[in-house]
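In: Got a predicted structure plus its sequence, pasted below:
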Amino acid sequence: MSLVDLCFGRPLRSSEERGQRLGPAAGIPVFGLDALSSAAYGPEAALALLLALGTVGIAYILPITLCIIVLLAIVYFSYRQTIESYPNGGGSYTVAGQNLGPFAGLLAASALMIDYVLTAAVGISAGVGALVSAIPALEPRTLTLCLVILLLITLVNLRGLRETGALFMIPTYLFVGTLLITIVTGFVKVLASGGHPTPVVAPPVLPAATLGLSVWLLLKSFASGCTAMTGVEAVSNGVTAFREPVVKTAQRTLTVIIGILVVMLAGIAFLCRAYQVGATNPGPGYQSVLSQLTAAVVGRNTFYFVTIASILLVLSLSANTAFADFPRLCRLVADDGYLPNPLAVRGRRLVYTAGIITLGIFCAALLILFRGITDRLIPLYAVGAFLAFTLSQAGMVAHWRRTGGPGSRFGMFVNGLGAVVTAGTVAVVTVTKFADGAWITALLIPSIMATMYSIRHHYDKVTQELANPVALTLDRLQPPIVVVPMLSLNKVIRAGLQFALNLSPDVKVVHVECTVNKEELLKQWNEVVAEPLQRSGLPVPQLTFLDSPYRFVIAPIVDYVLELEKQNPGREIAVIIPELIEKRWYEYPLHNQRSSWLRTALLRKRTQRVAVIVVPWYLDS
């Protein structure tokens, strides 16, 4: 087995695609990990802003969470309809593009791309942040740990969807199971105590209030808590990854993900209020909300450490949802000509390799820029997701108006309500987070869209220029003038000359005088080339010496070819470049790369009558 097969698995045939598709059990870890893991940092993000109210602020986490759950339910019903109406996937991009026009589609795609990159970066940094809070000695290694986890997730996704789902299944269900057990246990204790449970381990005492209650503060808390909704669009984007019946399987997966998320969000908010658990400031003494809550309900026992370990693991692995969806979104956009074509090509494991690697690079850049600190990334978060939600809802309204049929009025009502609510959320999130970093997202979205339009313009220009070829010209056919550059006469050059003589009787060999002894070269030329050809009655190639006082090799040859083209306006010029090919890739840098530089230099001259032909000579052949 080769090293590549060991790392990435054996190549898969196109016919094996059906076997790579996912059922609900594997689909939840692949497409739901981001949404489910947001229960670990969404409520905490909301509580962090309520910290300024002291103990009074905890009372507001439940109504804020209920508002988020209502919004989540609206989005859920909308995406169920999206899955049924657009079973080929694409989510917000497809819905907005087909119903509201290309501009709306690209706006949704840009917002989602930013959201996916942030999803990966925030998930990894949150996981590492929680690990560092448990083991403070690792704090200087925060960025290194983030990049190592990113690399591992990238490699796992390059192996294919099925293996990714199988690998992430255990930590996902361990996280869900332990958290649900904690919530149920806490709920039972609250009921048994008449609403005033005694914590096993008391949470830290909240600081005194520093601000008074205001609508602005509640809106900011709501906006931060909305990060718990990121990732819910993942299933609608990746419908084609599910096994038959595709629509039903995708809808079941989405239902389970949203159902579990609603229970966890409501349970965490309820127990935080009952046990008086609030956020703590980053730094010495920091404890995550889930750490405080689990300790308060069950104590710091084995179950506590298993729960915390599963939270750390799932937070770090939540980036996987972005790696499942970002490449699929890029494939759809690339199919429409707004992104580079390689993003639409499947790799050896039937995944969109270029998209996975691209996401890995962008995420690494973001982590390096913000040093892997979650608090610096959170303000950029959620704007893109809710903008995509809004465009998807509005697109579905237009879809129902256009298609009509049974249930269309109900569909329009649900999607219209969703569009209004999510649009309002976009405004709240953008305004409340603008100064903290949302302005970066506001600038990035039009920049990405401008790039997409420029890519499409390039492809349209190329298509137009290559279209409608004229009939072949057959009345002036003649062999080309063949030019063979020769630094020294060896087996590699001999192979090039042999090929040149098969193309045309008009062969010109060019030697740039630098270090080779001219007399010795001429003697070798006569023995190897001139005399055998003369004995056979064949024309001997013209040998031309070019002077190069400054030891330049490439420029004199290029000038010679261009001058030859100018002197022969009716002839094609074929430049034969003999090239030594090493047996092993690591031996390639041991030789000069003049052949590659010459090929590039000639092609950059953009002359239609000059063709470049590489003749390889394989070492050890």
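Out: Okay, I see it.

In: where exactly do the strands run in this structure?
Out: With strands called from DSSP state E, the chain shows them at 481-485, 507-513, 542-547, 573-581, 610-618.

In: which of the residues in the second one are buried?
Out: It refers to strand 507-513. Going by neighbour count (16 or more other Cβ atoms under 10 Å), the buried part of strand 507-513 is 507-512. All C-beta atoms are positioned from the backbone trio N, CA, C, and that covers glycine.

In: what angle separates it from strand 573-581?
Out: Taking axes from the mean of the first three to the mean of the last three Cα atoms, to 10 degrees, strand 507-513 and strand 573-581 form an angle of 60 degrees between their directions.

In: who touches strand 507-513?
Out: Here strand 507-513 makes contact (Cβ atoms under 8 Å, 6 or more residues apart in numbering) with 481-487, 497, 500-501, 521, 529, 539, 541-548, 552-553, 556-557, 560, 564.

In: can you rerun that using 6 Å?
Out: If you take Cβ atoms under 6 Å, 6 or more residues apart in numbering as the criterion, strand 507-513 is touched by 482-486, 500, 541-548, 553, 556-557, 560.

In: how near is the spatially most central residue of the chain to D325?
Out: Most central in the chain under Cα atoms, centre = their mean is L359, positioned 2.5 Å from the mean C-alpha point. Distance, L359 to D325, using Cβ to Cβ, to the nearest Å: 9 Å.

In: Wait, L131 touches L315, no?
Out: No. Contact between L131 and L315 fails when scored by Cβ atoms under 6 Å: they sit 8.8 Å apart.

In: more neighbours, these two?
Out: Neighbour comparison, L131 and L315: the larger count goes to L315, with 28 against 21 (by other Cβ atoms under 10 Å).

In: The more buried one: what's it in contact with?
Out: By Cβ under 6 Å, 6+ apart, the residues touching L315 are 37, 40, 123, 126-127, 130.

In: picking that back up, which residues touch the residue nearest to the centre of the chain?
Out: L359 neighbours (Cβ under 6 Å, 6+ apart): F326.

In: and stretch 547-560, how far out from the chain's middle?
Out: 44 Å (Cα atoms, centre = their mean, to the nearest Å).

In: average pLDDT for it?
Out: Per-residue pLDDT over stretch 547-560 has a mean of 88.

In: likewise stretch 418-432?
Out: Stretch 418-432 comes out at a mean pLDDT of 80.

In: Now find how far off-centre that stretch is within its chain.
Out: With Cα atoms, centre = their mean, you get 26 Å for stretch 418-432.

In: So which of the buried residues of strand 507-513 is the closest to L206?
Out: V512 (79.6 Å; Cβ to Cβ).

In: quick revisit: quick one, which of the contacts of strand 507-513 are buried?
Out: Among the contacts of strand 507-513, the ones that count as buried by 16+ other Cβ under 10 Å are 482-486, 500, 541, 543, 546, 553, 556-557, 560.

In: can I get those in TSV with distance to A202?
Out: Listed next are the buried ones among the contacts of strand 507-513 as TSV, based on distance: Cβ to Cβ, whole Å:
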residue	distance to A202
V482	88
V483	86
V484	86
P485	82
M486	86
A500	87
P541	93
L543	93
L546	87
V553	79
P556	83
I557	82
Y560	86
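
In: and of the residues you listed, the nearest to F187?
Out: For those, the residue nearest F187 by Cβ to Cβ is V553; the value is 79.5 Å.

In: hey, what's the closest residue to the closest one other than its chain neighbours bridged with?
Out: Counting by Cβ to Cβ, 6 or more residues apart in numbering, V512 is the residue found nearest to V553 once chain neighbours are left out, at 5.0 Å. Beta-bridge partners recorded for V512 (DSSP bridges): L546.

In: So V512 versus A438, what's the distance?
Out: Using Cβ to Cβ, V512 is found at 59 Å from A438.

In: Also S193?
Out: For S193, the distance to A438 equals 42 Å [Cβ to Cβ].

In: quick one: which of those two has more around it?
Out: Between S193 and A438, A438 has the larger neighbour count (other Cβ under 10 Å), namely 21 against 11.

In: My guess is the more buried one contacts G384. True?
Out: No. In terms of Cβ under 6 Å, A438 does not count as a neighbour of G384; the distance is 9.8 Å.

In: State the number of residues packed around W216.
Out: W216: 11 surrounding residues under other Cβ under 10 Å.

In: Let me see the ranges of the helices in the stretch 451-600 of the chain.
Out: Along the stretch 451-600 of the chain, counting by DSSP state H, counting those that start in this stretch, helices occupy 491-503, 518-525, 531-535, 554-567, 594-604.

In: show me the contacts for T422.
Out: 386, 389-390, 393.

In: Kindly reformat those as JSON lines containing pLDDT, distance to T94 and neighbour count.
Out: Listed next are the contacts of T422 as JSON lines, based on pLDDT from 0 to 100; distance: Cβ to Cβ, whole Å; neighbours: other Cβ atoms under 10 Å:
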{"residue": "F386", "pLDDT": "78", "distance to T94": "18", "neighbour count": "27"}
{"residue": "F389", "pLDDT": "82", "distance to T94": "14", "neighbour count": "31"}
{"residue": "T390", "pLDDT": "87", "distance to T94": "15", "neighbour count": "26"}
{"residue": "Q393", "pLDDT": "85", "distance to T94": "14", "neighbour count": "28"}
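
In: mind checking pLDDT for P539?
Out: On the pLDDT scale, P539 gets 92.

In: which residue sits closest to it, ignoring its sequence neighbours?
Out: Per Cβ to Cβ, 6+ apart, closest to P539 is P505, 5.2 Å.

In: And the closest residue to L522 other than its chain neighbours, how far from K566?
Out: Nearest residue to L522, sequence neighbours excluded (Cβ to Cβ, 6+ apart): L543, at 8.0 Å. Noted for L543: a distance of 21 Å to K566, by Cβ to Cβ.

In: ditto for L366
Out: Counting by Cβ to Cβ, the gap from L366 to K566 is 52 Å.

In: Please say which of those two ends up with more neighbours.
Out: Legend: neighbour count by other Cβ under 10 Å for L366 and K566, higher for L366 (22 against 9).

In: That one reaches G123, doesn't it?
Out: No. With contacts counted by Cβ under 6 Å, L366 stays clear of G123, the gap being 11.8 Å.

In: Return the per-residue confidence for the residue located most distally from the centre of the chain.
Out: Distance from the centre of the chain peaks at R535, with 63.7 Å (Cα atoms, centre = their mean). We have a pLDDT of 92 for R535.

In: follow-up on the earlier one: okay if I get the strands of the chain as JSON lines plus distance to T600?
Out: Compiled in JSON lines, those are given as follows (distance: least, Cβ to Cβ, whole Å):
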{"stretch": "strand 481-485", "distance to T600": "14"}
{"stretch": "strand 507-513", "distance to T600": "17"}
{"stretch": "strand 542-547", "distance to T600": "19"}
{"stretch": "strand 573-581", "distance to T600": "11"}
{"stretch": "strand 610-618", "distance to T600": "9"}
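
In: right, so of those, which gets closest to K491?
Out: Closest to K491 of the strands of the chain is strand 610-618 (Cβ to Cβ; 6.3 Å).

In: which secondary structure elements does the closest one contact?
Out: With contacts taken as 3 or more Cβ pairs under 6 Å, 6 or more residues apart in numbering; DSSP states H and E, strand 610-618 sits against helix 491-503, strand 573-581.

In: returning to that earlier point: in helices, which of the contacts of T422 appear?
Out: 386, 389-390, 393 (DSSP state H).
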